[in-house]
Structures are given as C-alpha cells and as structure tokens.
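Visitor: Give the three-dimensional model of this entry:
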Amino acid sequence: MSGHSKWASIKHKKAANDAKRGKLFTKLLKEVTVAARNGGGDPEMNPRLRTAIQAAKAANVPNDTVDRAILKGTGDLEGIGYEEVVYEGYGPNGVALIIEVLTDNKNRSVSDLRNILDRNGGAMGERGCVSWMFEKRGLIFVQKDSIDEDELFLIAADAGAEDLETQEEQIQIICPFEDFESVRVAIKESHADISLAETTMVPQTTIKLDEKQAEQMIRLMDLLDDNDDVQKVYANFDIPDDILEAA
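Guide: Residues are numbered from 1 along each chain as shown. Prediction:
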C-alpha cells in the first residue's frame, strides 16, 4: 500500500517541476468542470468540487482559470462535455489496475488504453475484475518539517485518521473516505504544510516487484499517466522506495 501511495506523491512533485505541469493543469481543470457539472458550482455544497479546487490550487493553477472551469461545468460558459469512465485491468506480473478516465471520446480512450497495456505487459479486464481488491480512502501528505510529528498524530487521529507513516521528507496519512474532509481541515487549521490531499483507492493486498519488474511497472504507469484522458491510476504494486524515488 505505501509503495503505491508514495507513487502518487512522487508523481505530484515531478509534475509540478517539469514539462508535465501543463498536462497536470489540464487534468485538474477537467475534474473541476465535471465536479461542477455533477454537483453544482458552489464548493461549500459540493465536496467533490471543493476537493478538485483544492488540488488545482495546490498545483498553482491560476484562480481565474479554475473559475472558468467551474462556469463550463455549470453551463454558464461553453465547454467540452466529458464522460466519466472507469476501466480495470492488469499490469506486468498480475498487478491490479483501476484507471479513471474523463473523455470526450470513449472509443478513442479504450483503444489507447488497450494499446498501452498490450504493449507493456498488461491487459484490459472486465468490469469488477480487480475493484474488489481496493477500498476508497483519503490520502494526505504533510511536509515533515512543518509540524511536530506527535502533534500531527493527535490532530489527525482525533479527526478520524487511521494510519500515519513517516517518510524521509513527508508524513503520509490515510483515513476513511467519509472522514477525509474533517481530517484535511483539522490538519490545515494546525498550519501544517499539506503537499497533497486527495481521495484514492487503497489496495488491500499488494504484489512485491523486484527491480526489473518495477522498472517495467513504472514505465507502464508513466505511459498511463501521460495519456490525456486518464485522470488517475490505482495499482497494488509494492516497489522499494529507492526505485520509486529514482523513477
């Protein structure tokens, strides 16, 4: 579990520092638009939109760009209609994959994903083939030097967090999906530096990969993340931290 959760943090940091930043902006804004379309444009009344806006702001997406994405979702501005689709499948060595997609062309998306998987040791699966292996959770990363670890533990636990893991520069917090917002707000009010806060799918069991297998898996994850229609990819791999950091 920790290996895949750490991948989310590493991907987030890389995207903020290299040429993938523009692609990240596009994906974050897609989520804002769809969240506003499905639940309305008021973030106080729409938890999904509130989380999407927070993620966009954390990545330094300009406020006026976020506002336009909301207006496109509510229909006050013309925009592309995106469809939400979830695909399931397998990566190399039987690693389970859940791929969340926002697309304006479902046929294109499924064709692209099948091609990526087939060429990199994976395969598309039937709906429900791996989703039973995952549970929806809240995932928060806090910069280690921004708060006393014991203080953070008490704050997070009181708000509903169920697991804290100290890493080299960050502290990872896992909480039940329904407690995500209360845990995030409690940590924010402590003035700790939150580097990533999102809902995720946490695998109940993991598949440990050696170095060669890990390289193949990371290559597949990069290709999936790089696809314009893919919003998030969840997987149950377990890869050593040093290999993930070097990815």
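
Visitor: Could you report the neighbour count for residue 91?
Guide: The local packing count at residue 91 equals 25, with neighbours defined by other CB atoms under 10 Å. (Glycine included, C-beta is placed from N, CA and C.)

Visitor: so who does it touch?
Guide: Contacts here follow CB atoms under 8 Å, 6 or more residues apart in numbering; on that basis residue 91 touches 97, 117, 120-122, 217, 220-221, 235, 237.

Visitor: which ones are touching the closest residue to it other than its chain neighbours?
Guide: Of all residues beyond its chain neighbours, the one nearest residue 91 is residue 122 (4.4 Å), with distances taken as CB to CB, 6 or more residues apart in numbering. Contact partners of residue 122, counting by CB under 8 Å, 6+ apart, are 89-92, 95, 97, 116, 220.

Visitor: Next, residue 122: phi, psi?
Guide: Phi and psi for residue 122, reported as degrees, to the nearest 10, are phi -120, psi -170.

Visitor: now residue 69
Guide: The phi/psi pair for residue 69 (degrees, to the nearest 10) reads phi -60, psi -40.

Visitor: Mind telling me what element residue 175 is part of?
Guide: With elements taken from DSSP states H and E, the one containing residue 175 is strand 170-176.

Visitor: the strands in the chain, which residues?
Guide: 83-90, 96-103, 123-124, 134-143, 163-166, 170-176, 194-203, 207-208, 230-235, 237-238 (DSSP state E).

Visitor: Turn the ones you listed into JSON lines, including mean pLDDT.
Guide: Rendered in JSON lines, the data for the strands of the chain read as follows (pLDDT from 0 to 100):
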{"stretch": "strand 83-90", "mean pLDDT": "95"}
{"stretch": "strand 96-103", "mean pLDDT": "95"}
{"stretch": "strand 123-124", "mean pLDDT": "96"}
{"stretch": "strand 134-143", "mean pLDDT": "92"}
{"stretch": "strand 163-166", "mean pLDDT": "88"}
{"stretch": "strand 170-176", "mean pLDDT": "92"}
{"stretch": "strand 194-203", "mean pLDDT": "88"}
{"stretch": "strand 207-208", "mean pLDDT": "92"}
{"stretch": "strand 230-235", "mean pLDDT": "93"}
{"stretch": "strand 237-238", "mean pLDDT": "91"}
